[in-house]
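Participant: Dropping the sequence and predicted coords here.
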Amino acid sequence: MAFVLRVLINGVAIWFATLVLPGLTIVGADTGFQQLLVILLIALVFGIVNAIVKPIVAFLSIPLYILTLGLFSIIVNALMLMLTAWITEATGWGLRIANFGTACWAAIIVSFVSLVLSVLIPGPQGQGRQVTSTYYYRSDT
């Protein structure tokens, strides 16, 4: 359920980024319903890329994260968007990014919109047991 919610949030964020940025377009959809399906499929591919590829890239680029005080995450997110565009453009539908600068701005917008929506939309509550510790003070005086 959490993955489906993340896909929906990423779909809205990608859709908003395509509205704001002129170099970011969705191809392969004629009607509004087709565009909705394409956006959801792009968000699904983006979620899979973020789940599989991004941790590996983030681990290998730890020195750059430290050197740039975390700003390198914009570059990593832009690369994940470009990888998503490359994968989806191999089909008849997908995301088209004009250049790397557009990908960086799209990464910023998608990250910000995803953050805002994640805060506003309550996600699934913890599925495990919550363990609480109780400390009793005993005084023998």
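Facilitator: Looks like it arrived, so ask away.
Participant: now do the same end-to-end measure for stretch 86-103.
Facilitator: Across its full length, stretch 86-103 reaches 12 Å end to end, with CA to CA, to the nearest Å as the criterion.
Participant: got a pLDDT number for residue 121?
Facilitator: Confidence per residue is given as pLDDT, and for residue 121 that number is 86.
Participant: ugh, wrong one, residue 70
Facilitator: pLDDT for residue 70: 86.
Participant: How about residue 94?
Facilitator: The confidence metric pLDDT takes the value 89 at residue 94.
Participant: Quick check, residue 41 in contact with residue 88.
Facilitator: Yes - applying CB atoms under 8 Å, one finds residue 41 in contact with residue 88, separated by 7.2 Å. C-beta here means a position set from N, CA and C on the backbone, and glycine is covered the same way.
Participant: Nearest residue to residue 84 in space, please, no chain neighbours.
Facilitator: residue 46 (4.6 Å; CB to CB, 6 or more residues apart in numbering).
Participant: burial of that neighbour, as a residue count?
Facilitator: Residue 46 has 26 neighbours, counted by other CB atoms under 10 Å.
Participant: Regarding residue 101, which helix or strand does it belong to?
Facilitator: Assigned by DSSP states H and E, residue 101 falls within helix 100-120.
Participant: what about that helix, distance to the chain center?
Facilitator: From the chain centre to the centre of helix 100-120 is a distance of 8 Å (CA atoms, centre = their mean, to the nearest Å).
Participant: Tell me which residues are up against it.
Facilitator: Helix 100-120 is contacted by residues 9-10, 12-14, 16-17, 20-21, 23-24, 74-75, 77-82, 85, 97 when judged by CB atoms under 8 Å, 6 or more residues apart in numbering.
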